[in-house]
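[1] Fold the following, please.
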Amino acid sequence: MTERDGKAHWDKVYGRKGAEDVSWFQPSLALSLKMIDDIELPASASIIDVGGGASSLVDDLLTRGFSDLTVLDLSKVALDIARRRLGDQADSVQWLHGDATELDLATARYDLWHDRAVFHFLTDPQARRRYIDQAYRALKPGGHIIVATFGLHGPERCSGLEVARYDADGLHAEFGAPFHKIRHAEEAHRTPWGTEQEFLYCYCRRSR
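    Numbering: from 1, shown residues only. Here you go, the predicted model:
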């Protein structure tokens, strides 16, 4: 899928369903927030939420006092939903519209890279390689990365697209030695219509 096709696909998904009716919706990303809280980053830390779109993570990070936040998403519709929800607070967030594997992100810019439910859509090995290289370049040495994907018992398709599923060792193997795995966690995510999806969260640090 080209970047143009991807933008059209996800704009259609959010335009048709809205933010609270997509399968991965959570009112608050409790497990992500717990992992971020455990890192004990200073309020000045630079955080990027990859595929953050309409997610509420940015709201909760602002409430925690973080002041250098970036939300990146392929869907402009999703980004606009978050902007409207935040109101005047949206001006304190940097919004990036584009493909995480293609955008020209600044080198060593971020202390934390967060991604819930983007990486598992990268079924092409070359796209995964571009994503991983991008994360490595964009993170500061010793920076933190939290990536959440479908677990091995998660769905095989999502929003009409095939996905890749992982266990902790398999997900970390994709990123390799430049990223030191600290911990992982599993989550039984309940969709808005009551079914369960297995998510796997992997927290690593970029090697210095």
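[2] Which element is encountered next along the chain beyond the helix or strand harbouring Ile146?
    If you go by DSSP states H and E, Ile146 is part of strand 139-150. From strand 139-150 onward toward the C-terminus, using DSSP H and E, the following helix or strand is strand 157-158.
[3] Please list the residues outside stretch 161-176 that contact it.
    Here stretch 161-176 makes contact (C-beta atoms under 8 Å, 6 or more residues apart in numbering) with 1, 9, 119-123, 128, 132, 135, 145, 147, 149-157, 179, 181, 184, 200, 202, 204. No exception for glycine: its C-beta is placed from N, CA and C like everyone else's.
[4] quick one on the thing from earlier: for the strand holding Ile146, which strands pair with it and how are they oriented?
    When pairs are called by DSSP bridges, strand 139-150 turns out to pair with strand 110-116 (parallel), strand 196-206 (antiparallel).
[5] show me what contacts the residue nearest to Asp115 when sequence neighbours are not counted?
    Counting by C-beta to C-beta, 6 or more residues apart in numbering, Asp115 lies nearest to Val50, which is 4.2 Å off, once chain neighbours are set aside. Applying C-beta under 8 Å, 6+ apart, we find Val50 in contact with 72, 100, 113-115, 118.
[6] pLDDT weak spots in the chain?
    Scanning the chain for pLDDT under 70 picks out 1-5, 10, 17-19, 21, 23.
[7] those strands in it, which residues are they?
    Per DSSP state E, the chain carries strands over the ranges 46-50, 68-73, 93-97, 110-116, 139-150, 157-158, 161-162, 179-190, 196-206.
[8] Can you name every helix or strand that the third one contacts?
    The contact analysis (3 or more C-beta pairs under 8 Å, 6 or more residues apart in numbering; DSSP states H and E) places strand 93-97 against strand 68-73, helix 76-86.
[9] okay, those in a markdown table with mean neighbour count and distance to Ser92 next?
    Below are these laid out as a markdown table (neighbours: other C-beta atoms under 10 Å; distance: least, C-beta to C-beta, whole Å):
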| stretch | mean neighbour count | distance to Ser92 |
| --- | --- | --- |
| strand 68-73 | 23 | 7 |
| helix 76-86 | 18 | 9 |
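[10] Quick check, Ser32 in contact with Leu112.
    No. If you go by C-beta atoms under 8 Å, Ser32 and Leu112 don't touch, sitting 10.4 Å apart.
[11] Now the common contact residues for these two.
    Contact criterion C-beta under 8 Å, 6+ apart; residues shared by Ser32 and Leu112: Ile146.
[12] Can you say which of the helices and strands packed on strand 93-97 is nearest to Ala54?
    Closest approach to Ala54 among the helices and strands packed on strand 93-97 (C-beta to C-beta): helix 76-86, 4.1 Å.
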